[in-house]
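**Q** Model the structure of this input:
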Amino acid sequence: MTDTHETAETSRMRQTAQKKTQRRVAFASIIGTTIEWYDYFTYSTAAALVFAQLYFAPAGEGVGQLLAFATIGISFLFRPLGAFLSGHFGDKLGRRFILVVTLVTMGVATALIGLIPTYETIGVTAPILLILLRIVQGLSAGGEWGGAALLAVEHADIDKRGRAGSYPQLGVPLGMLLSSGVIALMTGVISPGEAFLEWGWRVPFLLSVVLIGVGYWVRRTVEDTPVFKEIQVESAKRKAPILVLLKKHLPLVLVAALIFAGNNASGYMTTGGFVTKYATTDGVGFSQTDVLLAITFGSFVWLVSTAVSGYMADAIGRVRTYVIGFVILIVTAFPLFWLVDTGSLGLLYLSLGIFSIGLGLSYGPQAALYVELFPASIRFSGVAISYALGAVIGGAFAPTIAQALLQATGTTASVSLYLVIMSVVSLVAVSLVRDRKGIDLSVGNEEEQSRGMWRAGNNLTAAPTHQ
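**A** Take a look at the predicted model:
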């Protein structure tokens with residue numbers, strides 16, 4: 001009787017401790033990615049509003065804006081390198097270690113951007129410093145998401161991975177919400193007009209210093225995942241994770257990257273600053289503050305739809321949730337700009353709100369889907385590199401491509417067609433993989449994890465990844 005009581009009591013204590021850990025992990029994954037993407041979106045908005053004038057003015061207005069948007073894309077080219085490094089060391093040294101490093105690196109680079117003198121002050125050195133710090137941001141972002149995704153999903157209960165995987169995804173719209181809100185405060189209240197161009201744009205970058213401290217403290221309090229602890233025990237048996245991944249799972253990496261590309265291209269219409277810039281042109285006529293507040297509203301809708309998608313992913317599956325999201329993005333790609341072109345503030349809010357529903361549903365299931373696709377010992381590498389490559393294919397130069405299409409054709413219809421094509425590619429890609437909801441993620445189950453990724457065709461068992 002006593003033994004039974006003690007056993008039941010021990011079980012309850014263990015469950016309570018596990019729930020406490022999961023709550024702490026959820027908070028750490030959300031706040032970390034929020035800070036990371038606050039930094040990223042602050043840069044993108046500044047590229048749309050002020051960088052062409054401050055750092056690329058000698059190139060002229062049109063070319064200068066293209067160059068400002070191109071600096072957004074340059075950092076994406078370094079994301080795969082960041083993903084390779086974080087994947088390798090994340091599978092060797094732990095998920096938490098990488099998350100702390102990427103958070104601090106991103107924050108420091110962001111704060112330094114806020115201190116760079118303009119072209120008028122130091123000449124060509126100014127855009128060079130801007131690009132170098134942007135590259136550092138890209139290296140950091142390449143490792144951030146993969147670590148956060150694994151931390152959340154590998155700690156989660158088997159029937160709640162979709163929901164847990166949506167936590168790091170929530171950081172993206174939250175970061176966008178925070179960034180656009182702070183910048184709207186600067187343009188509309190604290191430093192309107194010329195004051196924003198002179199000094200107000202720097203404040204959101206410098207605020208990153210405060211956010212770094214918060215995120216660092218939170219992430220240092222979280223334990224590494226149970227799967228990584230298993231990997232540490234067997235680490236002597238395992239080769240370099242990157243080499244194993246590329247040798248045995250390269251097609252899966254490429255398809256996983258394409259799954260992300262459509263969402264990333266679509267998302268960077270708003271987060272990458274293109275809509276911000278386009279809607280404030282003379283032809284449309286919105287004020288900067290009005291557009292930023294509308295994007296803040298869109299970020300909130302994206303946040304809610306991302307949270308909902310986590311529950312949907314657990315209820316109907318990751319792939320089905322993705323399909324619904326991509327269909328919405330395809331259907332709304334043309335209405336997005338039709339409604340913006342009306343010049344009606346209410347319709348601007350409507351266009352961004354509807355579009356953001358598709359963004360959330362095609363982003364929320366990603367962490368759970370990716371984590372369940374890759375074997376345990378190479379999972380960080382697989383998840384991080386797939387995400388980084390998808391970002392290069394999809395979002396790297398999406399604002400630049402959109403701006404070039406607009407200048408070449410004189411109509412946003414070409415931009416909408418581009419978004420439709422990218423979403424269709426991702427819809428096809430996600431239809432190729434099998435929904436592996438509930439698969440055992442432990443190191444001991446790598447034989448099953450190494451097969452059955454594809455919905456049809458080649459589902460042969462790969463050689464065990466640790467051999």
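**Q** which stretches of the stretch 1-150 of the chain aren't confidently modelled?
**A** Applying pLDDT under 70 to the stretch 1-150 of the chain flags the ranges 1-18, 21, 87-88, 90-95.
**Q** List the residues that contact K160.
**A** When contacts are counted by CB atoms under 8 Å, 6 or more residues apart in numbering, K160 touches D314. For the C-beta atoms, the positions are set from N, CA and C on the backbone; glycine is no exception.
**Q** Do you know the pLDDT at A240?
**A** A240 is assigned a predicted lDDT (pLDDT) of 65.
**Q** The one 5 residues further on too?
**A** Reading off the confidence values, L245 has pLDDT 86.
**Q** Check the one 3 residues further on too.
**A** With respect to pLDDT, K248 scores 87.
**Q** Between the two ends of stretch 200-209, how far is it?
**A** 16 Å (CA to CA, to the nearest Å).
**Q** Give the buried residues for it.
**A** Buried residues in stretch 200-209, counted by 16 or more other CB atoms under 10 Å: 200-205, 207-208.
**Q** got those residues as TSV, with pLDDT, secondary structure and distance to F300 columns?
**A** Shown next, in TSV, are the buried residues of stretch 200-209 (pLDDT from 0 to 100; DSSP: H, G, I helix; E, B strand; the rest coil; distance: CB to CB, whole Å):
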residue	pLDDT	secondary structure	distance to F300
G200	94	helix	24
W201	94	coil	23
R202	96	helix	26
V203	95	helix	22
P204	94	helix	18
F205	94	helix	23
L207	90	coil	20
S208	85	helix	22
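**Q** Among these, give me the pair with the biggest separation.
**A** Within those, G200 and S208 form the most distant pair, 15.5 Å apart (CB to CB).
**Q** which one among the buried residues of stretch 200-209 gets closest to A52?
**A** Nearest to A52, judged by CB to CB, of the buried residues of stretch 200-209 is W201 at 12.2 Å.
**Q** does that closest one really touch A47, like I thought?
**A** No. Look at W201 against A47 with CB atoms under 8 Å: they stay out of range, at 10.4 Å.
**Q** how would you label the residue most central in space within the chain: helix, strand or coil?
**A** In the chain, the residue lying closest to the centroid (CA atoms, centre = their mean) is V172, at 5.8 Å. Judged by DSSP: H, G, I helix; E, B strand; the rest coil, the three-state class of V172 is helix.
**Q** The closest residue to it other than its chain neighbours: how many residues sit nearby?
**A** Once flanking residues are discounted, V172 sits nearest to W37: 5.0 Å by CB to CB, 6 or more residues apart in numbering. Per other CB atoms under 10 Å, the neighbour tally for W37 reads 26.
**Q** Surely W37 touches L177?
**A** No. With contact defined as CB under 8 Å, W37 does not reach L177; the gap is 9.8 Å.
**Q** Low-confidence ranges, the stretch 251-400 of the chain, go.
**A** Ranges of the stretch 251-400 of the chain meeting pLDDT under 70: 271-272.
**Q** Could you point out the helix or strand that follows the helix or strand containing T45?
**A** Assessed by DSSP states H and E, T45 sits inside helix 2-49. Downstream of helix 2-49, the first helix or strand assigned by DSSP H and E is helix 51-55.
**Q** Which residues does that next one contact?
**A** So helix 51-55 is contacted by 61, 64-65, 67-68, 71, 118-120, 126-127, 130, 197 (CB under 8 Å, 6+ apart).
**Q** same thing but at 7 Å, please
**A** Contacts of helix 51-55 with the rest of the structure, by CB atoms under 7 Å, 6 or more residues apart in numbering, involve 61, 64-65, 68, 118-119, 126-127, 130, 197.
**Q** can you tell me how far G364 sits from L170?
**A** Distance check for G364 against L170: by CB to CB, to the nearest Å, it reads 8 Å.
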